[in-house]
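Asks: Below is the sequence, then the predicted model.
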Amino acid sequence: MKDEAIKQLMNREVERQNRGIELIASENYPSKDVREACSSIFMAKYAEGYPGKRYYGGCETVDEMETLSIERAKALFRCRYANVQPHSGSQANFAAYRAMLNPGDKVLSLALNDGGHLTHGSPVSFSSADYTFVHYDLGNDGRLDLEIIKRRLHEEKPRLFLAGYSAYPFAIDFAAMRKIIDDYNAQAETPCLFMVDMAHIAGIVAAGLCQNPCDYADAVTSTTHKTLRGPRGGLILTNREDLAKKINFAVFPYSQGGPLEHIIAGKAVCFLEDSKPEFRAYMQLVLDNTKACCDELMKLGCVCSGTENHLFLLDVLSSFGINGKEAQERLGEIDITANKNMIHGDTLPPQQASGVRFGFAAATTRGCTKEDAKEIAHIIYDALKGEADKQKLISRVQSIVSRWKNVLELEA
Ligand code: DSN
C-alpha cells in the first residue's frame, strides 16, 4: 500500500479493534476468506441486471458466482428465492417495501425507540415519507404482546405487518404472528402482508437456533454482516414467485445500479460458512456468552432486560444513575465499545437514552468464553460504578483480549 495516509489509518483501526472488546450487537468480524472475496477482482466488474440478463458484456464468471451466492442463500435459509444485490439492510427494506406496497400504504411496525429500526417508519427516514407507518407497543414487561399486535392489526388495517428488530432481546414467535395475520386476512377487505427484517438475528436463524421467518413471512430482509458474519450488505428472501419478480425489479433497476459483485462473492463465502456445524456451535456460544454477561450483571444488582438472543439492554440510569451516553463514553475510555440505547418506556431523549445495548457476536468470533463474558460483566459494572481505577480496568480488558485472536487472523 503506497498511500501512507490511508495505510496509517487502516493500521490504527486494526490496532483499535485488536486492543478493545467489541460489544456493539450489530458488529462482527468476517473471516479471512470473506475479506479475500470482498477485495477480489469482482470489484472491477459492471454487471447491471441479473445472471443471464445483464446490460454489459463479460459477465459469464460473475453470472456463475452470483448464481452460486443466490443458491447458497436459498439453501441456508430454506427459501425459494433470494436477491443478494442490496447494498445494505436499508436498501433491502426500501426495495421490499416497494415490491409489496404503493406509496402511502399503511405499515404496522415497532417504533425505533422501542427496538425497531430507522427504516421501520422513523420520521427521519424515507420510510415514513413514502408510507404511512403506525406502531404497536410492547407489553409492560418489554416483550412482544400478541394480543396488542392483534388489536392494532384490527384497528389500523395495515397493508403490511413488519416484525424484526434492532434492540429486542427476546425470541420472536413468527408462527404465532403468521396465525394472527391469517385470521385477520380471512375476514379483511384488503389482506395484510407479513414482512420480517431479520438483520440482527439472521445468524441465529441460519444456525437453526430460533424459528425461521422464511417459513412464515411473505418477504424477509436482512443484512449479511451482523450475526451472519459476512460482508457489509443486504439480502431479500421470499417463497413467493410473484413477489420475487417484484423484489428483483425494486432492487434493479428501480433503486440500485451496478451490483457490488465483490461483496456478493463475500456473501457467497459467508452463506457456505454459516451452513457448517462449526457456525452453529459458534452461534450457540454467542447466545451462552450474552446470557452469562447479562445474568452476571443482574447478580451484581443491575437492571437488565434479560436475553434470549445475541443481545441485551442494561438500564444504566436505574442501575448507576447515569445516562446511556455517559455510560458509552466511560466504557469507551477502557476500550469496551458499546452503544447507548433507548429502553422500553425511556424517559430520556435518544441522544442520551437510559440504556446501553450489548451483544456478543463479535467478541465470540475472537474467542470470548463464558468465563470471559462473566469477567466482562464485572469490568462493565466496575467502570459504570465509577469507583475503580481506570488503568486497572484497562489492564483487565487487556488480559482478556490477550487470549483472543486478532481481528485479521480469523478463519471461518
Ligand atoms: N445500525 C444497526 C444496529 O446497530 O442495530 C441497525 O442497522
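Replies: Sure, I can see it. Not measured: the values here are computed from a predicted model. Numbering: from 1, shown residues only.

Asks: so which helix or strand takes in residue 217?
Replies: Using DSSP states H and E, residue 217 sits in no helix or strand.

Asks: check contacts around residue 409.
Replies: Contact partners of residue 409, counting by C-beta atoms under 8 Å, 6 or more residues apart in numbering, are residue 32. (C-beta placed from N, C-alpha, C; glycine too.)

Asks: Backbone dihedrals for residue 403, please?
Replies: phi -90, psi -10 (degrees, to the nearest 10).

Asks: count of neighbours near it?
Replies: 11 (other C-beta atoms under 10 Å).

Asks: So it is in contact with residue 375, correct?
Replies: No. Counting by C-beta atoms under 8 Å, residue 403 does not reach residue 375; the two are 10.7 Å apart.

Asks: got any ranges where this structure has weak pLDDT?
Replies: By pLDDT under 70, the chain contains no weakly predicted segment.

Asks: how does it look with 80?
Replies: 411-412 (pLDDT under 80).

Asks: That one against the ligand: which residues are in contact?
Replies: Those residues of the chain that sit near the ligand, judged by C-beta under 6 Å from any ligand atom, are 26, 89, 117, 166.

Asks: residues in contact with the closest residue to residue 80 other than its chain neighbours?
Replies: Once flanking residues are discounted, residue 80 sits nearest to residue 239: 4.7 Å by C-beta to C-beta, 6 or more residues apart in numbering. By C-beta under 8 Å, 6+ apart, residue 239 lies in contact with 79, 80, 81, 214.

Asks: give me the element residue 387 is part of.
Replies: Using DSSP H and E, no helix or strand contains residue 387.

Asks: Spatially nearest residue to residue 150 (excluding sequence neighbours)?
Replies: Counting by C-beta to C-beta, 6+ apart, the residue nearest residue 150 is residue 180, at 5.1 Å.

Asks: Likewise for residue 370?
Replies: Per C-beta to C-beta, 6+ apart, closest to residue 370 is residue 292, 4.6 Å.

Asks: ok, back up a step: mind putting the contacts of residue 239 in JSON lines, neighbour count and distance to residue 274 included?
Replies: Listed next are the contacts of residue 239 as JSON lines, based on neighbours: other C-beta atoms under 10 Å; distance: C-beta to C-beta, whole Å:
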{"residue": "79", "neighbour count": "19", "distance to residue 274": "14"}
{"residue": "80", "neighbour count": "13", "distance to residue 274": "19"}
{"residue": "81", "neighbour count": "20", "distance to residue 274": "19"}
{"residue": "214", "neighbour count": "23", "distance to residue 274": "14"}
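
Asks: Taking these together, which two end up most distant?
Replies: Maximum pairwise distance in the contacts of residue 239, criterion C-beta to C-beta, is 10.0 Å, between 81 and 214.

Asks: Common neighbours of those two, please.
Replies: By C-beta under 8 Å, 6+ apart, the residues touching both residue 81 and residue 214 are 237, 238, 239.

Asks: Spit out the contact partners of residue 214.
Replies: So residue 214 contacts 77, 78, 79, 205, 220, 237, 238, 239 (C-beta under 8 Å, 6+ apart).

Asks: From residue 307, how far out is the nearest residue to the first one once chain neighbours are set aside?
Replies: The shortest distance from residue 77 to any residue other than its chain neighbours is 5.0 Å, reached at residue 214 (C-beta to C-beta, 6+ apart). The span separating residue 214 from residue 307 equals 24 Å under the rule C-beta to C-beta, to the nearest Å.

Asks: Go ahead and confirm residue 400 touches residue 375.
Replies: Yes. The criterion here is C-beta under 8 Å, and residue 400 meets it with residue 375 at 6.3 Å.

Asks: Could you list the residues in contact with stretch 346-355?
Replies: Residues contacting stretch 346-355 (C-beta under 8 Å, 6+ apart): 113, 313-318, 323-325, 340-343.

Asks: cutoff 6 Å now
Replies: 313, 315, 317, 323, 324, 325, 340, 341, 342, 343 (C-beta atoms under 6 Å, 6 or more residues apart in numbering).

Asks: Equivalent analysis for stretch 135-152, please.
Replies: Counting by C-beta under 6 Å, 6+ apart, 108, 111, 114, 170, 176, 180, 344 sit against stretch 135-152.
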